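Colleague: 3D model of this:
(chains A and B)
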Protein chains: 2
Amino acid sequence: MSTVQVDLGDRSYPIYIGSGLLGQKELFSRHIVSKQVLVVTNTTVGSLYLQQLLKSLDGYQVETIELPDGEIYKTLKTTETVFDTLIEKRFNRDATLIALGGGVVGDIAGFAAACYQRGIPFIQVPTTLLAQVDSSVGGKTGVNHPGGKNMIGAFYQPRCVVTDTSVLRTLDNRQLRAGIAEVIKYGLIRDPQLFGWLETNMDRLLNREAGALAFAIERSCINKSEIVAEDENETGIRAILNLGHTFGHAIETGMGYGTYLHGEAVSIGICLAADLSQRRGWLNDSEIARITDILNNANLPTESPRQLTVDRFLELMAVDKKNLDGRLRLVLLKAIGEAIIVADTDTAKLEATLMIR
Amino acid sequence: MSTVQVDLGDRSYPIYIGSGLLGQKELFSRHIVSKQVLVVTNTTVGSLYLQQLLKSLDGYQVETIELPDGEIYKTLKTTETVFDTLIEKRFNRDATLIALGGGVVGDIAGFAAACYQRGIPFIQVPTTLLAQVDSSVGGKTGVNHPGGKNMIGAFYQPRCVVTDTSVLRTLDNRQLRAGIAEVIKYGLIRDPQLFGWLETNMDRLLNREAGALAFAIERSCINKSEIVAEDENETGIRAILNLGHTFGHAIETGMGYGTYLHGEAVSIGICLAADLSQRRGWLNDSEIARITDILNNANLPTESPRQLTVDRFLELMAVDKKNLDGRLRLVLLKAIGEAIIVADTDTAKLEATLMIR
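Modeller: Numbers count the residues shown, from 1 in each chain, chains lettered A, B, ... in the order given. Here you go, the predicted model:
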């Protein structure tokens, strides 16, 4: 087991990474405050791993909720069902909420934990590669609004993250690839060595070699935790984590939540950001080719959905959270391994990028 | 104008207290970040003071929402209407939300500000005495659940509080008295001088003498800000602010939100807490009489509603946020001006207290 520490003063916490951690009772008891524990999972993950987790929670007063599986359920309405259970079972302020699942479960459960009685302890047990390398770390929680992704939420840090790499054995291929998109992102924004490693080790990841997965997860968590420690509430540098996300969120919202997996939409978004970066004179043909190649090697989509018109794209991007004072802000690349946040978007160039199909 | 500073590190903010502050444009512009401003008010306050506030917001892109008036609307559903407007108007992360109203408006608007895009700037403009002396200060925001009061919310501090004492001229008598209950509370928990002042100046407050009101508000804000600075997230001492509130919340929930004003329920709750304190041997007959007298002088209710059975009372109190690990915690009084938090509730004594009608 390796441990990556997220340094946030009195909100610091460890990320435990290793095989078989779901069965390590002590990892959980170390962070649970009272007897009351609510496990929030979904039907898919629940049928696979809930019993294993419950064994590690023997002796606690455990309640469970199985949410329906899918991004379309990441709503305020679903969050309310979590509140209803917490109140019905008379859970108090020191009850612990455990999220067992992917990004959707973690985002909903984390937001419920942030709001129930103005905040109760919370543990992330991410079960998708995407959640393990990205969404379970850093305290972003929340739900979607019909008008935009993650529009309602909170910055709320977990007490710990328990990342059991053995659960990735049952992850479907599409979900695995979606997670790899976020690993590629870390390489692109600040870790050229990781990007180079991915160029030569993609097959090992796709074949789910334990050592390769553990390396990619740990390296991603280190990158993420360093950025989050520097800028917890995203007033500055943390925004570089959103490379490809403003485009990606527009695709997810525009095509209907669930049509594209988050990582798939981000993959397309990375290509669009790379294209716009080239139009700004920052990336050359060879760098563009390396970026397209690595996403293709991961079997990730790299082209915008034809159904999304440029006007609709711009409209959806306008409401994105990264925009301040009405101006569109985008994360672009100066080079592979170096991100830049730009607010002075050149509309003609942006439209040219969005027109590529 | 006087200013009380709430010291919370990078979340510190000023409370401006004075007559006519609604018209002081500069107080607002000092704390508004971008052009986008959403004013949330209710129909009652909006018809009286919205135009005056809008004059001070001349030059900004201002949107307004008028919520229906009343505690029964302090729900997640109402909060959603605020999200809908923010998204529909494409408000960004640096938009400012201004709450113009009493505790209900401030709690809903503050919670919406806490959650929209994971937090946008927020200004409190409290228009009831209760909001001015208590709920606008300290960052508690949230809404009710059918199963309990303020069960869903966030600790989220405003950028400033603008307390215009002249708006109290139009406040109805019942609301004024409900606010006085919270002023009495500060005297009871930690400010015996304030309690003494209230014993001799209650008529001046009830007659709305400007000087008396300003003194009571400033003194209350100082008490509250000192406690909040010590314990922002209520892990310890801040709980003394809840004197009478565990009983009071049970009355509010049990009788249906809106039957009793919050301050009225707290007044009854203070009497119950005082009675239980005496049963514990802490208050003597003379202190009990002083407490009952001052609440009576303020024309506040001091007796539990007959409809609430002891069993129902206990059930409602069990879900209150002040309970940790399933044990009921209560704020009691060792003396006038000295509160104590007890977790070792003697059930027989508590039932005896609840039986008084």
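Colleague: going by C-alpha atoms from here, please, whenever you check contacts or count neighbours.
Modeller: OK.
Colleague: list phi and psi for the residue in the stretch 1-150 of chain A that chain B sits nearest to.
Modeller: Nearest to chain B in the stretch 1-150 of chain A, going by Cα to the nearest Cα, is residue A:118, at a distance of 4.3 Å. The phi/psi pair for residue A:118 (degrees, to the nearest 10) reads phi 60, psi 30.
Colleague: same question for residue A:12.
Modeller: Dihedral pair for residue A:12: phi -70, psi 150, per degrees, to the nearest 10.
Colleague: follow-up on the earlier one: count the residues that sit near the residue of the stretch 1-150 of chain A closest to chain B.
Modeller: 23 (other Cα atoms under 10 Å in any protein chain shown).
Colleague: what's stretch A:212-232 in contact with?
Modeller: A:2, A:4-8, A:15, A:17-18, A:129, A:132-134, A:137-138, A:165, A:183, A:186, A:190-191, A:194, A:201, A:204-205, A:237-238, A:241 (Cα atoms under 8 Å, 6 or more residues apart in numbering or on different chains).
Colleague: average pLDDT for it?
Modeller: Mean pLDDT, computed over stretch A:212-232, is 97.
Colleague: which positions within that stretch qualify as buried?
Modeller: Residues of stretch A:212-232 classed as buried under the neighbour-count rule (16 or more other Cα atoms under 10 Å in any protein chain shown) are A:212-214, A:216-229, A:231-232.
Colleague: how far away is residue A:68 from residue B:230?
Modeller: From residue A:68 across to residue B:230, the span is 42 Å (Cα to Cα, to the nearest Å).
Colleague: how near is residue A:179 to residue A:109?
Modeller: For residue A:179, the distance to residue A:109 (Cα to Cα) stands at 20 Å.
Colleague: and for residue A:151?
Modeller: Counting by Cα to Cα, the gap between residue A:151 and residue A:109 amounts to 16 Å.
Colleague: and these two? which has more neighbours close in?
Modeller: Using other Cα under 10 Å, the more surrounded residue of residue A:151 and residue A:109 is residue A:109, with 32 against 24.
Colleague: helix, strand, or coil at the more buried one?
Modeller: helix (DSSP: H, G, I helix; E, B strand; the rest coil).
Colleague: surely it touches residue A:97?
Modeller: Yes. Counting by Cα atoms under 8 Å, residue A:97 is a contact partner of residue A:109 at 7.3 Å.
Colleague: any shared contact partners between those two?
Modeller: residue A:40.
Colleague: what parts of chain A come near chain B?
Modeller: Applying Cα under 8 Å from any Cα of the partner chain, we find that chain A lies next to chain B at A:34-36, A:83, A:87-88, A:90-95, A:114-119, A:142, A:147-148, A:150-155, A:318-326.
Colleague: which of those residues are buried?
Modeller: Judged by 16+ other Cα under 10 Å, buried ones among the residues of chain A next to chain B: A:34-36, A:83, A:87, A:90-95, A:114-119, A:142, A:147-148, A:150-155, A:318-326.
Colleague: just the buried ones from the contacts of stretch A:212-232?
Modeller: Buried by 16+ other Cα under 10 Å: A:4-8, A:15, A:17-18, A:129, A:132-134, A:137-138, A:165, A:183, A:186, A:190-191, A:194, A:205, A:237-238, A:241, out of these.
Colleague: so of those, which ones are in helices?
Modeller: Within the buried ones among the contacts of stretch A:212-232, residues falling in helices by DSSP state H are A:129, A:183, A:186, A:190, A:194, A:205.
Colleague: and the gap between the fifth one and residue A:287?
Modeller: By that I understand residue A:194. As defined by Cα to Cα, residue A:194 lies at a distance of 15 Å from residue A:287.
Colleague: one more: the second one?
Modeller: Taking Cα to Cα as the criterion, residue A:183 is separated from residue A:287 by 17 Å.
Colleague: any buried residues in stretch A:303-316, and which?
Modeller: Applying 16+ other Cα under 10 Å to stretch A:303-316 flags A:304-305, A:308, A:310, A:313-314, A:316 as buried.
Colleague: go through those residues and flag which are in helices.
Modeller: A:310, A:313-314, A:316.
Colleague: okay if I get those as TSV plus pLDDT?
Modeller: Formatted as TSV, these follow (pLDDT from 0 to 100):
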residue	pLDDT
A:310	94
A:313	93
A:314	92
A:316	90
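Colleague: pull the most distant pair out of the residues you listed.
Modeller: A:310 and A:316 (9.9 Å; Cα to Cα).
Colleague: how far does stretch A:284-295 sit from the chain's center?
Modeller: Mean C-alpha position of stretch A:284-295 versus that of the full chain (Cα atoms, centre = their mean, to the nearest Å) differs by 23 Å.
Colleague: tell me the pLDDT at the spatially closest residue to residue A:176 that is not a sequence neighbour?
Modeller: Closest residue in space to residue A:176, ignoring its immediate chain neighbours: residue A:129 at 5.9 Å, by Cα to Cα, 6 or more residues apart in numbering or on different chains. Listed pLDDT for residue A:129 reads 98.
Colleague: quick check, central residue of chain A?
Modeller: With distances taken as Cα atoms, centre = their mean, residue A:135 lies nearest the centre of chain A, 2.8 Å away.
Colleague: the spatially closest residue to that residue that is not a sequence neighbour and residue A:74, how far apart?
Modeller: Excluding the flanking residues, the one nearest residue A:135 by Cα to Cα, 6+ apart is residue A:103, at 5.7 Å. Counting by Cα to Cα, the separation of residue A:103 from residue A:74 is 10 Å.
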